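S.K.: no letters, just coordinates:
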């Protein structure tokens with residue numbers, strides 16, 4: 001079973017650049033969000049909680065429009081171009097990362113050597129599994145295209161990273 005998204009992943013970050021801040025402040029003033037409602041004792045005041053919720057909603061919409069940016073990331077790290085990565089291998093990579101973090105946190109303690117050894121063993125085992133999965137994937141591709149030299153050449157160029165265009169994965 002393969003675990004791949006059809007699209008590259010999206011990353012959200014907050015950009016507090018000067019242009020965004022000035023745009024936010026000017027629109028804040030235009031919308032008159034900072035006004036304080038002044039009312040005499042005779043005037044009818046609606047529910048303050050409802051007014052605050054309305055203000056907060058408007059403020060957050062304005063903040064999101066000016067500061068929150070969504071960027072599409074298409075890199076080898078999001079497994080878009082590694083079709084041999086299965087669900088099990090992805091989980092194993094996450095486990096390896098957890099072991100590494102545990103080793104970093106344990107530095108200087110009595111458990112450091114044991115955690116380091118377990119991390120190194122797991123890392124070596126995972127590396128072998130990843131290499132085998134990649135080799136199996138490409139050997140299957142060669143078996144499928146063994147009747148056509150042109151298709152074999154395309155697979156070789158893809159392996160070398162010399163394809164003329166971005167080869168779209170077959171799982172999209």
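M.R.: Received, thanks. No experiment lies behind these values; they were computed from the predicted model shown.

S.K.: only C-alpha atoms from now on, for both contacts and neighbour counts.
M.R.: Fine.

S.K.: remind me which residues of the protein are low pLDDT?
M.R.: Scanning the chain for pLDDT under 70 picks out 1-9, 34-46, 73-81, 161-172.

S.K.: how about 50 then?
M.R.: Applying pLDDT under 50 to the chain picks out residues 1-2, 6, 40-42, 78, 165-172.

S.K.: quick one, helices of it?
M.R.: With DSSP state H as the criterion, the chain has helices at 18-31, 48-67, 87-105, 112-144, 149-160.

S.K.: please name every helix or strand in contact with the first one.
M.R.: In other words, helix 18-31. Contacts defined by 3 or more C-alpha pairs under 8 Å, 6 or more residues apart in numbering; DSSP states H and E place helix 18-31 against helix 48-67.

S.K.: list the contacts of the helix it packs on.
M.R.: 14, 15, 16, 20, 21, 23, 24, 27, 28, 33 (C-alpha atoms under 8 Å, 6 or more residues apart in numbering).

S.K.: again, only this time at 10 Å
M.R.: 13-17, 19-25, 27-28, 31, 33-34, 45, 68 (C-alpha atoms under 10 Å, 6 or more residues apart in numbering).

S.K.: go on, stretch 121-128?
M.R.: Identification of contacts with stretch 121-128 by C-alpha under 10 Å, 6+ apart yields 89, 92-93, 95-97, 99-100, 115-117, 119-120, 129-130, 132-134.

S.K.: now do it: distance to the chain's middle.
M.R.: Put simply, stretch 121-128 sits 24 Å off its chain's centre (C-alpha atoms, centre = their mean, to the nearest Å).

S.K.: same question for stretch 87-102.
M.R.: On C-alpha atoms, centre = their mean, the centre of stretch 87-102 falls 16 Å from the chain's centre.

S.K.: which parts of that stretch count as buried, going by neighbours?
M.R.: In terms of neighbour count (16 or more other C-alpha atoms under 10 Å), stretch 87-102 has its buried residues at 89, 92, 93, 95, 96, 99, 100, 102.

S.K.: for residue 160, see how far away the first one is.
M.R.: Applying C-alpha to C-alpha, to the nearest Å, one obtains 23 Å for the distance of residue 89 from residue 160.
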